[in-house]
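Chemist: Based on what follows, work out the 3D shape:
(one chain, ligands or ions: 2)
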Amino acid sequence: ATMPPLLAAIANAGRHGVLVKSAVVMEHLADGDQVAFDKTGTLTEGSPRVAVVHPVSDVDLTSADLLRLAAAAEYSSEHPIAAAIVTAAREQDLDFPPAQRFVSYPGRGVHAVVNDHAVEVGTPTLLDDDPDGAAGRLAARVQRDGHTAAVVLVDGVAAGVIGLSDRIRPAAAPTVAALSALTGRTPVLLTGDNPDAAGAVATQTGITDVYAGLLPDGKADYVQRLQTTDRRVILIGDGVNDAPAMATAHIGIAMGRSGSDLALQTADAVIVRDDLTTLPCLLALARRARRVVI
Ligand code: ADP
Ligand code: MG
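Modeler: Ligands and ions are numbered 1, 2, ... in the order given. Below is the predicted model:
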């Protein structure tokens with residue numbers, strides 16, 4: 001017997017490295033007309049590296065102390081920034097103590113108790129009490145360089161800033177161009193990261209609409225708003241922070257390798273080996289399958 005066209009398309013997508021979870025998903029993919037990308041781990045490789053470590057000058061900590069505390073607090077986080085901080089500490093042979101009472105705030109950062117001190121690591125919004133203080137100025141400088149700033153607070157006091165850089169996937173720009181041609185609309189970028197880092201990635205990938213500084217629910221609200229203007233959004237992301245937006249989107253797609261468990265569960269389809277070039281193939285397949293069905 002010949003396979004029904006939607007199932008044949010799913011099998012074909014599988015051969016290209018995309019796991020499509022159902023025939024309904026394949027059908028809905030064909031009407032998707034606005035692609036929205038997450039930044040970190042999706043358009044970028046998501047394996048950032050620590051580029052700079054700046055303790056605040058009037059706090060009595062060395063760069064090594066700052067990195068050690070941050071690594072201890074980040075140890076249990078699955079965020080790529082956390083992995084980068086832990087890797088940098090190990091590369092410098094820093095011993096970091098175990099942390100207690102680890103809590104993660106998706107899209108924001110982490111909190112943990114290290115050697116009886118409360119340590120927070122996360123976005124510069126942690127400095128909102130004093131955005132123009134020494135740490136705020138360091139964070140702004142790091143961001144102007146196109147890096148992501150992770151600020152470190154110890155017992156509620158801003159102690160320093162860690163700057164991280166992440167490589168854009170080589171396939172990102174050609175994929176954005178191919179998807180623009182297929183859907184007739186340029187993909188948009190939704191990110192929790194700062195506007196400077198987001199703008200740098202957008203410019204290099206051919207994206208013009210950028211929404212930065214979004215918390216997980218903010219990403220979902222933005223997708224919702226796009227969809228009220230008669231668009232059907234295909235959201236591609238990798239993080240816990242992308243799950244609400246994936247659930248809101250017409251179709252949610254997760255990066256298989258860099259993706260968190262929650263993203264993989266929530267998504268309607270998974271790009272198994274993180275190869276972005278499979279996206280235009282997938283859309284073309286879905287559209288072809290629909291023509292055969294009709
Ligand atoms: P993106 O949307 O670019 O994938 P996320 O929503 O995962 O980014 O995170 C948004 C921002 O929150 C990050 O750029 C980072 O500044 C901060 N952040 C999130 N998790 C962590 C963490 N574990 N450690 C430090 N910063 C974090
Ligand atoms: Mg991400």
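
Chemist: Next up, the contacts around residue 16.
Modeler: 278, 281, 282, 285 (C-beta atoms under 8 Å, 6 or more residues apart in numbering). Glycine gets a C-beta too; all of them are placed from N, C-alpha and C.

Chemist: how about 7 Å then?
Modeler: Residues near residue 16 by C-beta atoms under 7 Å, 6 or more residues apart in numbering: 278, 281, 282.

Chemist: Same check on residue 35?
Modeler: 179, 183, 187, 234, 236.

Chemist: Per-residue pLDDT of it, please?
Modeler: pLDDT, residue 35: 98.

Chemist: How much space separates it from residue 128?
Modeler: 32 Å (C-beta to C-beta, to the nearest Å).

Chemist: picking that back up, between the contacts of residue 16, which has the most around it?
Modeler: residue 282 (24 neighbours; other C-beta atoms under 10 Å).

Chemist: Go ahead and name everything in contact with the host helix or strand of that one.
Modeler: Assessed by DSSP states H and E, residue 282 sits inside helix 278-293. For helix 278-293, contacts defined as C-beta under 7 Å, 6+ apart pick out 5-6, 9, 12-13, 16-18, 26-27, 29-30, 32, 175, 178-179, 182, 236, 271.

Chemist: if you look at the contacts of residue 35, which of them are in strands?
Modeler: In this view, these that belong to strands under DSSP state E are 234, 236.

Chemist: Compare the contacts of residue 35 and tell me which is most surrounded.
Modeler: Neighbour max across the contacts of residue 35 (other C-beta under 10 Å) = residue 234, 30 neighbours.

Chemist: I figured it hits residue 30, correct?
Modeler: No - counting by C-beta atoms under 7 Å, residue 234 stays clear of residue 30, with 10.6 Å between them.

Chemist: Now do the shared contacts for the two.
Modeler: Contact criterion C-beta under 7 Å, 6+ apart; no residue bridges residue 234 and residue 30 by contacting each.

Chemist: Can you report how many residues lie near residue 93?
Modeler: Around residue 93 there are 7 residues (other C-beta under 10 Å).

Chemist: Next, work out how far apart it and residue 81 are.
Modeler: For residue 93 relative to residue 81 (C-beta to C-beta), the value is 21 Å.

Chemist: how much space between the residue nearest to the spatial centre of the chain and ligand 2?
Modeler: By C-alpha atoms, centre = their mean, the mean C-alpha position of the chain lies nearest to residue 40, the distance being 3.4 Å. Applying C-beta to the ion, to the nearest Å, the value for residue 40 to ligand 2 is 4 Å.

Chemist: show me what contacts the residue in the stretch 101-250 of the chain that ligand 2 sits nearest to?
Modeler: The minimum distance from the stretch 101-250 of the chain to ligand 2, using C-beta to the ion, falls at residue 239 (3.8 Å). Applying C-beta under 7 Å, 6+ apart, we find residue 239 in contact with 38, 41, 260, 263.

Chemist: Could you do residue 29 as well?
Modeler: 251, 282, 283, 286.

Chemist: Which positions within the top strand by length along the chain qualify as buried?
Modeler: In terms of residue count, the longest strand belonging to the chain (DSSP E) is strand 157-165. Burial within strand 157-165, assessed by neighbour count using 16 or more other C-beta atoms under 10 Å, is assigned to 158, 159, 160, 161, 162, 163, 164, 165.

Chemist: to the chain's geometric centre, what's the distance from the helix or strand encompassing residue 253?
Modeler: According to DSSP H and E, residue 253 maps onto strand 251-255. Strand 251-255 has its C-alpha centroid displaced from the chain centroid by 12 Å (C-alpha atoms, centre = their mean, to the nearest Å).

Chemist: Around ligand 2, which positions in the protein sit nearby?
Modeler: For the chain, the residues in contact with ligand 2 (C-beta under 5 Å from the ion) are 38, 40, 41, 238, 239.

Chemist: Check the residue of the chain found nearest ligand 1 and give its pLDDT.
Modeler: Taking C-beta to the nearest ligand atom as the measure, the chain has residue 192 as its residue closest to ligand 1, at 2.5 Å. With respect to pLDDT, residue 192 scores 92.

Chemist: any idea how far it is from residue 240?
Modeler: 11 Å.

Chemist: Which one of the two is surrounded by more residues?
Modeler: For residue 192 versus residue 240, neighbours defined as other C-beta under 10 Å are more numerous around residue 192 (24 against 20).

Chemist: Quick check: nearest residue in space to the more buried one, chain neighbours excluded?
Modeler: residue 107 (4.3 Å; C-beta to C-beta, 6 or more residues apart in numbering).
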